[in-house]
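Undergrad: Make a model of this:
(2 chains)
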Amino acid sequence: KQEVTQIPAALSVPEGENLVLNCSFTDSAIYNLQWFRQDPGKGLTSLLLIQSSQREQTSGRLNASLDKSSGRSTLYIAASQPGDSATYLCAARENTGFQKLVFGTGTRLLVSP
Amino acid sequence: ETGVTQSPTHLIKTRGQQVTLRCSSQSGHNTVSWYQQALGQGPQFIFQYYREEENGRGNFPPRFSGLQFPNYSSELNVNALELDDSALYLCASSASERVYNEQFFGPGTRLTVL
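TA: Predicted coordinates:
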C-alpha cells in the first residue's frame, strides 16, 4: 500500500528565502508525482508534474525533483514571497490501470514580509 | 478552456440524509475522480469514472456512489450521511489519452453533517 509523507508539516520563513519541501513515498513503482498548492478552504492548483522517467521539472521559481530509487521528491521554491503562503501537497500516482493519486498531509508554508 | 467546476460550494445536512454533489470536467477531459479531504488531512481517493463507467475505487463504503454522464460531467452521491462525512469533496478531471494525465481539480464542495 502506497504511503506518502511530507516533512516538515509547517514552515515559517522570511520573504526572500529559498526553501525546500520534502515528500517521501513507500512504493517506488509510481506512474508520476504531482505537486499541488492549496489555499485555505480552496481546491488544489497543480504546480508541477514529474513523470516516473524524469528527474526534475521547473516552472518559474519552482523546481521539483524526483528520485524513485530512494522514494523521494523535493519542491524547491526560490526567493519566496508572501503570496507563496499556502499548503503544499505532493501526490504519487500509483502505477495501476486508473489514475489514483495518493496524497501526503501537506506542508503549511507561511512567508512573512 | 473552461476549468473544473463544482456545485454547490457549501452544503449542510443532518445525519442520515442523502446528498448529491456535482462536477463539470474541464473541456476535452473524459476521466473524473472524486476525493474526500478531511480537515488537516490530504485528499483521499473515493473513485474514478472513465467513459461513464467506474474503473477504480478507494476504501470507501458502498453508500458512496457516483455517475458520469455522456458529456463527462459527474455526480457523487452519499447515502445515510454520518458525522465523519463532513469534509471538502474535490473533483478532478484528466484526459486519459494524453501521456501525462495531469489531473486538474475543482474548487471543492464543503459538506457539513450535523
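Undergrad: only C-alpha atoms for contact and neighbour calcs from this point on.
TA: Will do.
Undergrad: And chain B, is stretch A:49-69 touching that?
TA: Yes. For stretch A:49-69 and chain B, the contact criterion (Cα under 8 Å from any Cα of the partner chain) is met by A:49, A:51.
Undergrad: gap between A:Gly60 and B:Tyr72?
TA: 33 Å (Cα to Cα, to the nearest Å).
Undergrad: Between the two, which is the more surrounded one?
TA: Ranked by neighbour count (other Cα atoms under 10 Å in any protein chain shown), A:Gly60 and B:Tyr72 place B:Tyr72 first, with 22 against 7.
Undergrad: any idea how far that one lies from B:Asn101?
TA: Applying Cα to Cα to B:Tyr72 and B:Asn101 gives a distance of 16 Å.
Undergrad: Quickly list what the most centrally placed residue in chain B is bridged to.
TA: The residue lying closest to the centre of chain B (Cα atoms, centre = their mean) is B:Trp34, at 3.0 Å. Taking DSSP bridges as the rule, B:Trp34 bridges to B:Phe47, B:Cys91.
Undergrad: from what I can see it touches B:Gln48, true?
TA: Yes. With contact defined as Cα atoms under 8 Å, B:Trp34 reaches B:Gln48; the gap is 6.4 Å.
Undergrad: The residue nearest to the centre of chain B and B:His10, how far apart?
TA: From B:Trp34 to B:His10 the distance is 16 Å (Cα to Cα).
Undergrad: swap in A:Thr105?
TA: A:Thr105 is 23 Å from B:His10, by Cα to Cα.
Undergrad: quick one, what contacts B:Leu110?
TA: To be clear, residue B:110 is Arg; Leu isn't right here. Listed by Cα atoms under 8 Å, 6 or more residues apart in numbering or on different chains, the contact partners of B:Arg110 are B:9-11, B:86-89.
Undergrad: Quick one: name the residues of chain B near chain A.
TA: B:33, B:40-45, B:48, B:55-56, B:90, B:100-108.
Undergrad: please redo it, this time with the cut-off set to 6 Å
TA: Residues of chain B found near chain A (Cα under 6 Å from any Cα of the partner chain) are B:41-42, B:105-108.
Undergrad: now for these, which pair is the farthest apart?
TA: Farthest pair in the residues of chain B next to chain A (Cα to Cα) is B:Gln41 and B:Gly106. Separation: 17.5 Å.
Undergrad: Between these two, tell me which one has more neighbours.
TA: B:Gly106 (23 against 14).
Undergrad: For the more buried one, what are phi and psi?
TA: phi -80, psi -180 (degrees, to the nearest 10).
Undergrad: circling back: so A:Thr105 and B:His10 - more neighbours on which side?
TA: Between A:Thr105 and B:His10, counted using other Cα under 10 Å, A:Thr105 has the larger neighbour count: 21 against 11.
Undergrad: Can you tell me the number of residues neighbouring the spatially closest residue to the more buried one that is not a sequence neighbour?
TA: The shortest distance from A:Thr105 to any residue other than its chain neighbours is 4.3 Å, reached at B:Gly42 (Cα to Cα, 6 or more residues apart in numbering or on different chains). B:Gly42 has 19 neighbours, counted by other Cα under 10 Å.
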